[in-house]
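Asker: Sequence and predicted structure below; questions after.
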Amino acid sequence: MRALVNYERSPFKVEMREKQTPEIGDNDILLQMQGVGVCGSDLHQWHASHSWPVNYPVTLGHEFAGIIAAVGKGVKGFKEGDRVVSETAASICGDCVYCRSGNYNMCPNRLGFGYGLDGAMADYVRVPARCLHRLPDNVPFIDAAMTEPGCVACNAVMELSRITPGDTVVVLGPGTIGLMVVQMCKLCGPGELVLVGTSRDETRLETGRKLGASVTLQADKDNVVERVKSLGDGFGAHLIIDCVGISAALQSCLEMVRPMGQITKVGWGREPLGFSLDPLVQKAVTLQGSFSHTYKTWERVIGLMAGGQLNLDPMRRVFPLDDWENAFKTMDSLAIAKSVLTP
């Protein structure tokens, strides 16, 4: 079978290879890939700019949906031909307090597809049956391939943050996660929904306006803090969701958040902060991280997709698997927010 392999930690060490179709265990599913999203983390591994350990060589791809091709003899509830979408936690211990309480995204032994174990940028992928969710017939595979970033956004907005109708909400970063966050926030009824990018993000900011942002700003041209404080009652944002992935963005968050407001940080960044956190204390601000997702998040997002409450077409472009390099380059250029690969 075809498999897109990241084979060492150096820039652009990714190539299409022929590999054996995976053998499955008793509790596994062999999934024939029908749609797999290109994540920013795939691009980071392509550039060798990532900050997480990778088990080289590894097949990329952790945002995927497909058709069940084979079922392990211990699997119940699934059969060949079923349409499914998969979670990303390819391996968990199952025994720690986080796994046993349903918060397996926090398992210290968790390994994900595409860096810890072989992922789905291939014709077939081996998946533990516990990772799978049934896909409604009215949800196409290219939508289902974007469930995972939708779950990241849903967890950050609907499960961990607080939005009261009429609130001023700011989203930093118009990438896939940021645009998904915009849609999740819009469903919660904010008064002003501000999306912040840079002048390089003009196309993606326009997409954000289509998806519900009432204000879009460019951080390298606009005085973002002053613009945000000019909205509503002038005290600043009730909630800021940081999807940028650079540590310096947190300083701007602390400047524009209102007293007793909330900052939810989704983006990763390796850089040290280099500034005082005193405003966090002075304003009594709630600062939290948001990581990954769990079973209930997936069921909620699949329901939102099936109900037509998420608009995914403006965010993406679809490419055949063999055209992966063009898909990576197009997304990396910021021309689009998401590339989706299909067989």
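Answerer: Looks like it came in fine. Note that the structure is a prediction, hence the values are computed from the model and not measured.
Asker: How many neighbouring residues does Asp233 have?
Answerer: Number of residues near Asp233 (other Cβ atoms under 10 Å) recorded here: 8. Quick note: C-beta positions are derived from backbone N, CA and C, even for glycine.
Asker: give me phi/psi at it?
Answerer: phi -90, psi 0 (degrees, to the nearest 10).
Asker: Tell me the spacing between it and Gly150.
Answerer: As for Asp233, its distance to Gly150 is 32 Å (criterion: Cβ to Cβ, to the nearest Å).
Asker: And Ala327, by the same measure?
Answerer: 19 Å.
Asker: Give me the more crowded residue out of these two.
Answerer: Between Ala327 and Gly150, counted using other Cβ under 10 Å, the more crowded position is Gly150 (28 against 24).
Asker: pLDDT wise, what is Tyr115 at?
Answerer: At Tyr115, the pLDDT value in this model is 98.
Asker: That one: what secondary structure?
Answerer: coil (DSSP: H, G, I helix; E, B strand; the rest coil).
Asker: Name the nearest residue to it, sequence neighbours excluded.
Answerer: Among residues not flanking Tyr115 along the chain, Val54 sits closest, at 4.7 Å (Cβ to Cβ, 6 or more residues apart in numbering).
Asker: Now do the residue nearest to Thr286 when sequence neighbours are not counted against Asp123, distance only.
Answerer: Closest residue in space to Thr286, ignoring its immediate chain neighbours: Gln262 at 4.5 Å, by Cβ to Cβ, 6+ apart. Using Cβ to Cβ, we find Gln262 at a distance of 44 Å from Asp123.
Asker: same question, Gly114
Answerer: For Gly114, the distance to Asp123 - Cβ to Cβ - is 16 Å.
Asker: same thing with Pro140?
Answerer: Applying Cβ to Cβ to Pro140 and Asp123 gives a distance of 19 Å.
Asker: Equivalent analysis for Met33, please.
Answerer: With distances taken as Cβ to Cβ, Met33 is found 6 Å from Asp123.
Asker: list residues touching both of the two?
Answerer: Shared contacts of Met33 and Asp123 (Cβ atoms under 8 Å, 6 or more residues apart in numbering): Leu321, Pro343.
Asker: So the chain: which segments form each domain?
Answerer: 2-146+312-342, 152-289 (automatic domain parsing).
Asker: how about a markdown table for the ones you listed, with distance to Arg300 added?
Answerer: Below are the domains of the chain laid out as a markdown table (distance: least, Cβ to Cβ, whole Å):
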| stretch | distance to Arg300 |
| --- | --- |
| domain 2-146+312-342 | 11 |
| domain 152-289 | 6 |
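Asker: wait, which of these is closest to Glu299?
Answerer: Nearest of the domains of the chain to Glu299, taken as Cβ to Cβ: domain 2-146+312-342 at 6.7 Å.
Asker: Work out the gap between that closest one and the centre of the chain.
Answerer: 12 Å (Cα atoms, centre = their mean, to the nearest Å).
Asker: Stretch 155-168 too?
Answerer: 18 Å.
Asker: Which residues are in contact with the residue lying closest to Arg162 once chain neighbours are set aside?
Answerer: Closest residue to Arg162 apart from its sequence neighbours, by Cβ to Cβ, 6+ apart: Gln262 at 6.1 Å. Applying Cβ under 8 Å, 6+ apart, we find Gln262 in contact with Ser161, Arg162, His238, Leu239, Ile240, Val285, Thr286, Leu287, Gln288.
Asker: Which ones among those residues map onto strands?
Answerer: Of those, the ones assigned to strands by DSSP state E are His238, Leu239, Ile240, Thr286, Leu287, Gln288.
Asker: quick one: which of these is nearest to Ala90?
Answerer: Distance to Ala90 across these (Cβ to Cβ) is lowest for Gln288, with 25.9 Å.
Asker: Could you tell me how many residues sit around the closest one?
Answerer: For Gln288, the neighbour count with other Cβ under 10 Å is 11.
Asker: ok, so what distance separates it from Gln218?
Answerer: From Gln288 to Gln218 the distance is 27 Å (Cβ to Cβ).
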